[in-house]
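Engineer: have a look at this prediction, sequence included:
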Amino acid sequence: MRSTCLATTVLAGAGAVGLGLGATTAHAMPAPSGPGWDGHVYWFKNAAGEWRYTKWQSVYLERTGGSKGQSQQQGSGSAQPSGGGIRQGWDGRVYWFRNAAGEWRYTSHYDVYVSRTGGGGSTAQQSKPAAPAASGVEAAVSYALAQVGKPYVWGGNGPNGFDCSGLVQQAFRRAGVSTPRVADDQYRAATPITSKQLQRGDLVFWSSNGRVSGIHHVAIYLGDGTYVEAPRPGKNVRVSHLNSGYYPDFFGRP
């Protein structure tokens, strides 16, 4: 059963494991001196005391209970564009604003920009939509639900078909969270939780032997006892209901 859902690629590395868009466990980054923004990503420790990172402030705040960590947490910089003539707002790459000292700063996070400016900006720089349609786990959930009806494909990463762990990996990539490719590795990279702690966006896992080594299937929990999954060959991506006859063995929070 495990072979029907586990992909062929295993990403492994020592040190910190990335949870940021485009990050990979194949090339480990050194652990930081402390939590917070390092100029590129937000760093934090999971429940097991292991370093993780993410480019999404919403994910970082969720994992740290709202702590913003180091002084550079807003993901801003002071360098001006080479062309000069900087103005507040979106410049096609980042949002620009002035801090309390009147110095220019920038951020790629719309929520940070709004918190610093109250949402103001030059009308000439408002070509980008005000905010992404979804962020954090909702981006992952929205992507997974959009794939409902597509066929199960062993080793499938989309866009035309998925296996179970491929659907999870691609969904959380849209949320700015990098997960391993194989179901049991996805559990090892997640923070273990109990069934009573389940919330929307958590992962549910099934094992053939009751151990982590036997994990053969993974799905994304939606709430109210439902989950979205790429079930098995011959079936399509679908929304299913938890039931006592086929209840998950493990639960994790990416």
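Structural biologist: Perfect, I can see it now.

Engineer: who's in contact with Ala171?
Structural biologist: Residues in contact with Ala171 (C-beta atoms under 8 Å, 6 or more residues apart in numbering) are Ala140, Val141, Tyr143, Ala144, Gln147, Ile220. Any C-beta I mention is one placed from the backbone N, CA and C, and that applies to glycine too.

Engineer: helix, strand or coil for the last one?
Structural biologist: For Ile220, the secondary structure call by DSSP: H, G, I helix; E, B strand; the rest coil comes out as strand.

Engineer: where does it sit relative to Pro254, distance-wise?
Structural biologist: When distance is defined by C-beta to C-beta, to the nearest Å, Ile220 is 9 Å away from Pro254.

Engineer: what do the two both touch?
Structural biologist: Common neighbours of Ile220 and Pro254 (C-beta under 8 Å, 6+ apart) are Ala140, Gly201, Asp202, Leu203.

Engineer: the first one - how many residues pack around it?
Structural biologist: Neighbour count of Ala140, defined by other C-beta atoms under 10 Å: 28.

Engineer: with Gly155 instead?
Structural biologist: 15.

Engineer: does it really touch Gly166, like I thought?
Structural biologist: Yes: using C-beta atoms under 8 Å, Gly155 is in contact with Gly166, at 6.9 Å.

Engineer: ok, His162 - contacts?
Structural biologist: Not His; residue 162 is Phe. By C-beta under 8 Å, 6+ apart, the neighbours of Phe162 are Gln147, Lys150, Tyr152, Val153, Gly156, Gln170, Ala230, Val237.

Engineer: give me the pLDDT for it.
Structural biologist: Note for Phe162: predicted pLDDT of 96.

Engineer: likewise for Val10?
Structural biologist: On the pLDDT scale, Val10 is placed at 35.

Engineer: ok, now the one 10 residues further on?
Structural biologist: At Gly20, the model reports a pLDDT of 44.

Engineer: pLDDT weak spots in the stretch 1-150 of the chain?
Structural biologist: Across the stretch 1-150 of the chain, the ranges flagged by pLDDT under 70 are 1-33, 38-40, 55, 57-58, 65-86, 90-95, 108-114, 118-135.

Engineer: returning to what we had before: out of the contacts of Phe162, flag the one nearest to Tyr246.
Structural biologist: Tyr246 lies nearest to Ala230 out of the contacts of Phe162, by C-beta to C-beta, at 15.3 Å.

Engineer: what is the burial count for that closest one?
Structural biologist: Residues near Ala230, counting by other C-beta under 10 Å, number 31.
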